[in-house]
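Colleague: my questions concern the predicted model and sequence given below.
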Amino acid sequence: MQEQIYHLQFAMDTFYFLVCGALVMWMAAGFAMLESGLVRAKNTTEILTKNFVLYAIACLMYLICGYQFMYGGGFFLSGIEALNVDETLASIASRENGFTGKAAYSKAADFFFQVVFVATAMSIVSGAVAERMKLWAFFAFAVVMCGFLYPMEGSWTWGGQPVFGLYSLADFGFSDFAGSGIVHLAGGAAALAGVLLLGARKGKYTKDGKAHAFPGSNMPLATLGTLILWMGWFGFNGGSMLKLADIGNAHGVAMVFVNTNAAAVGGALAALAVSMVLFRKADLTMVLNGALAGLVAITAEPSTPTPLQATIFGAVAGVLVVAAIIGFDKIKIDDPVGAISVHGVVGFFGLMIVPLTKDSASFLGQFVGAATIFVWIFVCSLIVWGVLKATMGIRVSEQEEYEGVDRSECGIEAYPEFVSTLK
């Protein structure tokens, strides 16, 4: 009887893990829709191509070497070892609280859940460098980011390895439940490095420093993309509980869902309020980014806050993201979709609020972890982008940018009936 219970728990945890992974994979569609809606019509096909292909690159590179770097469990050539049921049951039965840790699910499920997180980190970069980056330069960077840069910082955090053998983030009390820093801050840091070397879009800023608005081409798509991301985030955060098949963890998963939703609500409403105060308009793009900011902020620790605290954290993130978007425009850092603000700035904020509700985390540990992630990803990304710029080039020509990168990079226009009026 006990063995049958263990089998059932293993099956439930594995199934739950796989379903959550599928939800996170669907976030690729969310990023594609959000970014295609926020860029101009003449750049839509290229942004869709980037989002589709980067997912394939992320999956392949993580399979080839990324998982090995992160967890020391590569299986690209050898395959995932067959499950030894007797050894697994013996290991589980010896534990006082039953199923804990990675023994609760198949290693194949673990890989699938991890690989979709890699793709999410790379998707963040896509929007920030939109409308002026060469397509193949972006793909080349994706190979390095997904195969090496992200897995290395992942090995120091979720993988539990010391940073270059010098110090362990766990010893500092660092905690990142589902990746505010490991995924989102990392993606924001890589995007920032690319944008700094890439430069702003032509005509974005005047000589006196004022920013021209470049309205997105399709607000319904941007809204749909945000809602898809919102839905996918339940898998992102909920799956990070890692297990489901007991009363305590089932309740924990439910609380993660509630808090994730509450933070998004707080972020959206706070961003709406700020946009009304600053612009006297209900700016939809700010509301969408506010919801995403709330989701990013709660990702670092969605299991310990109360729903009220989660809503407040989301609201602060919503205010912060509006301020960050305006601030980056003032210093002429051109981010067409606000990705650096949403994922980078708010990702750092999400890490730093963890100790407010989790006693085992410390502000020092959170800062050390955030600094480690940012410095590693930003410096290495700057080097990779720099090498690409010096060799193949990373920016399209001025004429190609004027005509739209759909034509020069993909040869297909998403909206051929209208694109001529938006050049």
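Modeller: Everything's here; your move.
Colleague: how about the strands in the protein?
Modeller: For the chain, no strands are identified by DSSP state E.
Colleague: in it, which helix or strand is least confident?
Modeller: helix 85-93 (a mean of 51; mean pLDDT, DSSP states H and E).
Colleague: in this structure, where is pLDDT below threshold?
Modeller: 1-3, 73-105, 245, 418-423 (pLDDT under 70).
Colleague: what do you get if the cut-off is 90, keeping everything else the same?
Modeller: 1-17, 71-111, 206-213, 241-250, 413, 415-423 (pLDDT under 90).
Colleague: for the lengthiest helix in it, packing partners?
Modeller: Using DSSP state H, we find that the single longest helix of the chain is helix 2-38. If contacts are counted by 3 or more Cβ pairs under 8 Å, 6 or more residues apart in numbering; DSSP states H and E, helix 2-38 sits against helix 44-61, helix 85-93, helix 107-128, helix 219-238. Just so you know, the C-beta spots here come from the backbone N, C-alpha and C atoms, and that holds for glycine as well.
Colleague: which parts of it are buried?
Modeller: Buried residues in helix 2-38, counted by 16 or more other Cβ atoms under 10 Å: 6, 9-10, 12-14, 16-18, 20-21, 23-25, 27-38.
Colleague: how about stretch 351-365?
Modeller: Buried residues in stretch 351-365 (16+ other Cβ under 10 Å): 351-355, 357-358, 361-362, 365.
Colleague: again with stretch 333-340
Modeller: Buried-residue list, stretch 333-340, by 16+ other Cβ under 10 Å: 333-340.
Colleague: could you list every residue that touches residue 202?
Modeller: The contact partners of residue 202, by Cβ atoms under 8 Å, 6 or more residues apart in numbering, come to 132, 398, 401-402.
Colleague: which two from the residues you listed end up farthest apart in space?
Modeller: Farthest-apart pair in the contacts of residue 202 is 132 and 402; separation 10.5 Å (Cβ to Cβ).
Colleague: out of the two, which sits in the more crowded spot?
Modeller: Ranked by neighbour count (other Cβ atoms under 10 Å), residue 132 and residue 402 place residue 132 first, with 23 against 12.
Colleague: next one: the more buried one from residue 401, what distance?
Modeller: 5 Å (Cβ to Cβ, to the nearest Å).
Colleague: repeat that for residue 319.
Modeller: Distance from residue 319 to residue 401, by Cβ to Cβ: 33 Å.
Colleague: for residue 263, same thing?
Modeller: 37 Å.
Colleague: re the thing from before, closest to residue 70 out of the helices and strands packed on helix 2-38?
Modeller: Comparing the helices and strands packed on helix 2-38 against residue 70 with Cβ to Cβ, the closest turns out to be helix 107-128 (7.2 Å).
Colleague: tell me the phi and psi of the nearest residue in space to residue 162 that is not next to it in sequence?
Modeller: Using Cβ to Cβ, 6 or more residues apart in numbering and skipping the chain neighbours, the partner closest in space to residue 162 is residue 168 (4.7 Å). Phi and psi for residue 168, reported as degrees, to the nearest 10, are phi -110, psi 130.
Colleague: what is the burial count for residue 168?
Modeller: Number of residues near residue 168 (other Cβ under 10 Å) recorded here: 13.
Colleague: give me every residue that touches it.
Modeller: Residue 168 touches 160-162, counting by Cβ under 8 Å, 6+ apart.
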